[in-house]
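> have a look; sequence and predicted model below, questions after that.
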Amino acid sequence: MISKLVKEFQKREVESTTRRHFIRDCVSGMGTAAFGAMMLSSCGSSSSGSPQLSARDLNPLAPQSPHFAPKAKRVIYLHMAGAPSQLELFDYKPELQKLHNQPCPESFLEGKKFAFIRGVPNMLGPQANFKQRGESGAWVSDNLPHFAGLADEVSFLKAVHTEQFNHGPAQLFMHTGNARLGRPSVGSWVTYGLGSENNNLPGFVVLTSGGKTPDAGKSVWGSGFLPSVYQGVQCRSKGDPVLYIQDPKGMDRSLKANVIEAINDVNQQEFMEYGDPEILARINQYEMAYRMQIEVPEVMNIDDEPKYIHELYGTEPGRESFANNCLLARKLVEKGVRFVQLYDWGWDSHGTGQSTAIDYGFRNKCREMDRPMSALLLDLKQRGLLEETLVVWGGEFGRTPMQENREGKKMAFLGRDHHTEAFTMWMAGGGIAKGVSHGQTDEVGYAGVEGRTSVHDIHATILHVLGYDHERFTYNFQGRPFRLTDVGGNVIKKILA
Amino acid sequence: MASYWGRVQNQVMRIIYSILLIFAVGLGYYFWTGQDNPVDYSTQVKPIINKHCISCHGGVKKNGGFSLLFQEEAMADTKSGHPAIVPGDPENSPMIQRLKETDPELRMPYQKPPLTKQEIRILEDWIRQGAQWGEHWAYIPPIEPSVPDEIAEARAGSASSDFFVNEIDRFIYRDMESVGLKPSPRADTGRLVRRLYLDLIGLPPTTEVVDQIKNGSLSYEKVIDQLLDDPNFGEKWASWWLDLARYADTKGYEKDQSRAMWRFRDYVIQSFNQDKPFDEFTIEQLAGDLMDNPTREQLIATAFHRNTMSNDEGGTDDEEYRIASVIDRVNTTFEVWQSTTYACVQCHAHTYDPFKHEEYYEVMAFFNNSRDEDTADNEPLLRIYPDTIAASIEELKHWMIQNTNSPSRVEDEMQFIRTLEPKIHTHLCTDFVNGELSDTKYLALRHKGHCALNNTYLNNAETMVISYSCWKEGGRMTIRESNQEGKVITSFPLKKTNGNAIEFIPIAPMQDSVDLFIEFTNPLLDAQENSFRVYWFAFRPGLPGQSQPEFDKMNRKYREIIQSKPEGVSVMVENPPYMHRVTQVFEKGNWMVLGDTVLPDVPEVLNPFPENAPRNRLGLAQWLVDERNPLTARTVVNRIWQQIFGQGLVTTVEDLGSQSEPSVHSELLDWLAVRLMKTHDWHLKPLIRDIVRSGTYRQSSIISERKRETDPQNLYYSRGPRFRLSAEQIRDQALAVSGLLSDKQYGPSVMPPQPDGIWQTVYSGESWRTSPGEDRYRRGIYTFIKRTSPYPSFVSFDAGSREICITERTRTNTPLQALVTLNDPVYTEAAIAWASRLIHERASLEAILAQAYYEATFREISLGKKEALVKLYDESLAHFEGNHTGVKEYLKIGPDGITGVNNHIELAALSVVCSAIMNLDEFLTKT
């Protein structure tokens, strides 16, 4: 009954333009010579107008086409919150080793501000062994033995830079294109643009690990000025996977089905009397909620995955871990979720203690990340999903080639401070070239000297492979069009397939 | 094009349209295109320019050296050396030539579709008639338009006779008539009264009130008056204002720790309840601290602009975030009072509206001299002293008045007692040796460490007040003039403290400002060991009356007052002259690149700054509520209308500038704006009364096929408002209908139940502790708002996180909302509480369900709806019968202390039906 009503509305929507446009078009033609009595009479009378119901009115996540043919249909974004050191992972700097323990040259410090470094710190040589990997010869350190084997699958961006040297603002900048609160996240933009292919799951899912949520809080997956339906939905490993997804205790699925049926039955009668299309949309949402209650717990359950998959990822059901989240990311994109955002907390290697030492706690974090991250790429590939899934990896900034000297003191452990000038990110999958390394830093890895890449460039590139021209992809708010890339951003053509 | 449409609506539709219909079409056509028809810049030319030209020729870009933003730019020489517009001569105006050009490389707009002949014709006529510049309508103060005459009422016929109640209806009728619409009949009484209650107090009515109105013993007008006087009125309307004021209970950003701002929330509720005139409300919030002898409430009001976020993350630059707050204050002030997107002007001249880049910084200069410096303790704080200390303060004040002939000296000391300002934060210390800003904020020196605190105004102070904490004995701090060899100003042992402490240190009087050299020694410390943090210094003159016998006692009292740790609320305090900040333009909006120095001023295009008004925040506030200000009254009227009808009279409630959606109702907007200022003296309650009394408001919201086709968005108001309730209203209504709602008002924010594990913010030891007792059933306005993690069910229903000023909540319709009202224990609990009350009715099942439906919607249940609910009841009963565990588990979600219900199976089944009723569209919607 309802689906019939809905279909009818959609059909009529397509058949004619809105009444408002119609009147406007009529009237703006009034001054022209073509103007005539016929025109006026058709403006003044009720012609075959239609209720303004688009697919998006009934379902704000209804899929839509982008500007041009996309290379990727969905995104998995792995964010290492706290900012991992590029100098112990991808940016190999033998010269820095030579300067190890020597005072930092003044030129690096003049006019610069660091979060914690004060006075003149010493340089800190790479605390990892590097090798060139695969045919591409990309440098990957021994901290990532599994990922090293996949170096030819990805494109490295070696000279990314940002504007913010504190976690909160830098994470906001990396995910919303602006360091202040209030803008939509990249996942929200993508979901707003493309909608979702699966009505029974949220279009934009967020998974966190490392024991904490990102420093900037939920705003990094917020929808800003976009409608809230486009914000990321945090799916949790503990408690309800989505808030309020469980029926109240004592109720079961069939009773819930009865409840929804009764609500929608009454709502239908209400629609017959009031004729408000919003009622139809609500009927639709209640049906969707019911289906979501079944599908979300299903997709969030990894118990039934085969043993070899658990071995591949290193997953343990029931835990909140990056490994579990990588496996969930694969399951979610397989089900048609548009944007899966992973945050893994605990990468802030200042060396204030053993757990944040670059030669200790950092290596443990690498171990936790290496296998599942590699497994995710392999698993996507073996399922044929990688070619239409964009995978992005990175932190919110990089780490200094200098050793941190918090409060001007020598510290007990080796650590690096926040660094905005240069760090490494990588992308892989749909639309992205394989085995490319773009950009280069100077001899000590302090600043990019070639192929520098801004945060807006990254966003422009993500939107590009999804079929959007980032300059035309806008949303009007407070009287002006906003875009994810603000007034900047260039697609990084070098890494496109 | 959109603007063009509005012009036609206003002028052509209304006049020519009817002429055309009455006379002949050809005649009308002659009038319309007649050469003598003067072209109006604002309504005809500017919309074309904004649509096709301004993005390349104005604001940021001035391609070819040509800009159409300001008159002087538009008429000036372009890169070609000649002006693009030659007034009186369109044929020789390069602008027109380029529009008509056939070479695609030359034709404008470049690489875009050409303008229509009609558009070019308008531009030609405009230039031919002299290219007169004009002002956007909203920048001209409203003049009271005449109310459309009564003839329309007669024309409307008897079917619409109950539509006409007040002037609003005559305006609205005229506008809907122009598109051939007729008013809807009155809404049925039950729904209308529910609508009225939800709009005025945010809660549903009781069945008793509805019955009284239905039987005629209570009039609709009387109910309006009762509701305007109801203490719940302020709680409803505060939501709107707190969105604008970006009020929250935490600071925002990474650590996002708590900050007690709830006294500001209470101030807003009380102000609405008192019907404080909007001009007064404005002045108190923007400049309460600068008023004469401000009351505590007026000082708390200034927390409006202390709702800005602050960043405590290690390593952040306090000055950067202080400036971010100041910028937020400028932007928010213009959004809240002027419906102007002033934020654009931070980086460049406004792209569409006539605001210049430096004008942004002239406004910023009003806000750039408050004492706040993005410190972790949210200073300045108004200290809310307990009564005992307040009595001591009165005594001290009295004593000071007796012992000095300088009232300003007394006031200065009273300000210090109120706020501990002016103080000097130690994040200003520099040139550290063997020391550091600890946690990047506080002065910390190791053994033999030193640092500088330059240009410190001592002005012969006798006492240094120091706020610090120290955890090792044996330290000594010495403060000298200028350097290591300089004169010793003071030297004192830095005693171990129990947490934070305030001490009073005598110092050698020094004139004016001095560069302080601060040394510390403690031979007991290890080389890298810190033993203390200093948070701030204040340099104070001694109390007067030093020769009096009571001096020691009073001085002791004074110190106890200062050393006490009362609660505080962040407020505005202005810099004393010696701390005055100079304001400079930020080139391209970058605070590190400073340009010309500017003085406080207001944008030229708006009303002049009032004569005799001070050039500070107080003067700015007076300027905003000056009757000559074209935007303030229109803004308030538009937004109050939006609260009631779900959309503004101008639909872009955030922007009345030249990019705003042109309104068919601009005359009504102006009429109400003038009425607000002149007749209602800025009181909002009479304005709201005008609106809800109107026949327009009282219409049924049923959407006929024809109305849905003609006016799907109800822009012509030919039917009543119908839209989903707000996040707070949905929860409040569920609690109210179930009988759980607490009527407790005011006080610290509360934490109703929310799922575990929602708060996971880094570096914050704070947690969500469910409030005990009635606090878990308080109205939504009192719910604690953590910016990085707001109350989740409110987020689902589009309440914001209060990080920035929000002029309009988007209204979405999502499955996650359904999950909240279906599954959140708050709603299940309410359903069970409600059912347990209904079940006592001892009536038949059908009667109970009819009663439930009536209590929720104030309508008699129809047969079809009753059937659906009875069916659900039977299904629930079948589910629970023989399912003892299920019944027990389900009812356990209900409130404690349900008594007197024998049949728990029936209670559970009825609860399920009540929960379904709470999910009906007609329950979630204002109908």
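Alright, I've got the coordinates. Numbers count the residues shown, from 1 in each chain, chains lettered A, B, ... in the order given.

> could you find the closest non-adjacent residue to residue B:134?
In space, and not counting its chain neighbours, residue B:134 is closest to residue B:41: 3.2 Å by C-beta to C-beta, 6 or more residues apart in numbering or on different chains. No exception for glycine: its C-beta is placed from N, CA and C like everyone else's.

> okay, now that neighbour: neighbour count?
Per other C-beta atoms under 10 Å in any protein chain shown, the neighbour tally for residue B:41 reads 18.

> isn't it right next to residue B:133, touching?
Yes: counting by C-beta atoms under 8 Å, residue B:41 does reach residue B:133; the two are 5.9 Å apart.

> dump the residue contacts of whichever residue of the stretch 401-550 of chain B sits closest to chain A.
Nearest to chain A, among the residues of the stretch 401-550 of chain B, is residue B:436, at 3.8 Å (C-beta to the nearest C-beta). With contacts defined as C-beta atoms under 8 Å, 6 or more residues apart in numbering or on different chains, residue B:436 is in contact with A:118, A:407, A:408, A:409, B:444, B:530.

> all the helices of the stretch 451-600 of chain B, residue numbers only.
Under the criterion DSSP state H, counting those that start in this stretch, helices of the stretch 451-600 of chain B are mapped to B:551-563.

> so where's it uncertain?
Low-confidence regions of the stretch 451-600 of chain B, defined here as pLDDT under 70, do not occur.

> for chain A, what are the nearby residues on it?
Contact residues (C-beta under 8 Å from any C-beta of the partner chain) of the stretch 451-600 of chain B with chain A: B:528, B:530.

> helix, strand or coil: sort out residue B:252 for me.
Assigned with DSSP: H, G, I helix; E, B strand; the rest coil, residue B:252 falls in the coil class.

> how many other residues sit next to the closest residue to it other than its chain neighbours?
Among residues not flanking residue B:252 along the chain, residue B:309 sits closest, at 3.1 Å (C-beta to C-beta, 6+ apart). By the criterion of other C-beta under 10 Å, residue B:309 has 23 neighbours.

> ok, residue B:309 to residue A:397 distance?
Separation of residue B:309 from residue A:397 (C-beta to C-beta, to the nearest Å) stands at 21 Å.

> the domain parsing of the chain - what is it?
All of this refers to chain A. A:2-47, A:74-240+A:305-495, A:242-299 (automatic domain parsing).

> switch to chain B, that's the one I care about
B:38-133, B:162-186+B:631-710, B:189-230, B:236-377+B:579-624, B:417-565, B:823-926.

> quick one: secondary structure of the residue of the stretch 401-550 of chain B closest to chain A?
strand.

> one more: residue A:196?
Relying on three-state DSSP, one would call residue A:196 coil.

> residue B:365 reaches residue B:584, doesn't it?
No: using C-beta under 8 Å as the test, residue B:365 is too far from residue B:584 to be in contact (9.3 Å).

> neighbour count winner among the two?
residue B:365 (23 against 18).

> and the more buried one, backbone torsions?
With angles defined as degrees, to the nearest 10, residue B:365 sits at phi -60, psi -30.

> strands of the stretch 501-650 of chain B, residue ranges please.
B:501-506, B:513-521, B:532-540, B:567-570, B:583-586, B:594-598 (DSSP state E, counting those that start in this stretch).

> got these as JSON lines, with distance to residue B:251 columns?
Shown next, in JSON lines, are those (distance: least, C-beta to C-beta, whole Å):
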{"stretch": "strand B:501-506", "distance to residue B:251": "23"}
{"stretch": "strand B:513-521", "distance to residue B:251": "29"}
{"stretch": "strand B:532-540", "distance to residue B:251": "17"}
{"stretch": "strand B:567-570", "distance to residue B:251": "10"}
{"stretch": "strand B:583-586", "distance to residue B:251": "24"}
{"stretch": "strand B:594-598", "distance to residue B:251": "28"}
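
> and of those, who's closest to residue B:718?
Closest approach to residue B:718 among the strands of the stretch 501-650 of chain B (C-beta to C-beta): strand B:567-570, 47.1 Å.

> in chain B, which ranges drop under the pLDDT threshold?
Flagging of chain B using pLDDT under 70 yields the residue ranges B:1-36, B:59-60, B:760-764.

> from the centre of it, point out the most distant residue.
Residue farthest from the centre of chain B, counting by C-alpha atoms, centre = their mean, is residue B:523 at 54.2 Å.

> residues near the closest residue to that one other than its chain neighbours, how many?
Once flanking residues are discounted, residue B:523 sits nearest to residue B:447: 6.3 Å by C-beta to C-beta, 6+ apart. Residues lying near residue B:447 (other C-beta under 10 Å) number 20.

> contacts only, for residue A:369.
A:80, A:144, A:322, A:344.

> kindly recompute the last result at 6 Å.
By C-beta atoms under 6 Å, 6 or more residues apart in numbering or on different chains, the contact set of residue A:369 is residue A:322.

> element containing it?
helix A:361-382 (DSSP states H and E).

> helices of the stretch 751-900 of chain B, residue ranges please.
Under DSSP H, counting those that start in this stretch, the stretch 751-900 of chain B gives helices at B:792-796, B:815-823, B:825-838, B:845-857, B:863-880, B:884-892.

> quick revisit: A strand includes the residue nearest to residue B:523, no?
Yes: assessed by three-state DSSP, residue B:447 belongs to a strand.

> so who does it touch?
B:521, B:522, B:525.

> for those residues, which entry has the maximal number of neighbours?
For those, neighbours were counted using other C-beta under 10 Å, and residue B:522 has the most, 22 neighbours in all.

> if we can go back for a sec, let me have the domains of chain B in TSV, adding distance to residue A:485 as columns.
Below are the domains of chain B laid out as TSV (distance: least, C-beta to C-beta, whole Å):
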stretch	distance to residue A:485
domain B:38-133	15
domain B:162-186+B:631-710	21
domain B:189-230	40
domain B:236-377+B:579-624	16
domain B:417-565	31
domain B:823-926	38
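
> so what would you say the end-to-end distance of stretch B:122-133 is?
14 Å (C-alpha to C-alpha, to the nearest Å).

> tally of neighbours for the closest residue in space to residue A:139 that isn't next to it in sequence?
By the measure of C-beta to C-beta, 6+ apart, the closest residue to residue A:139 outside its immediate chain neighbours is residue A:92, 4.1 Å from it. By other C-beta under 10 Å, 21 other residues sit near residue A:92.
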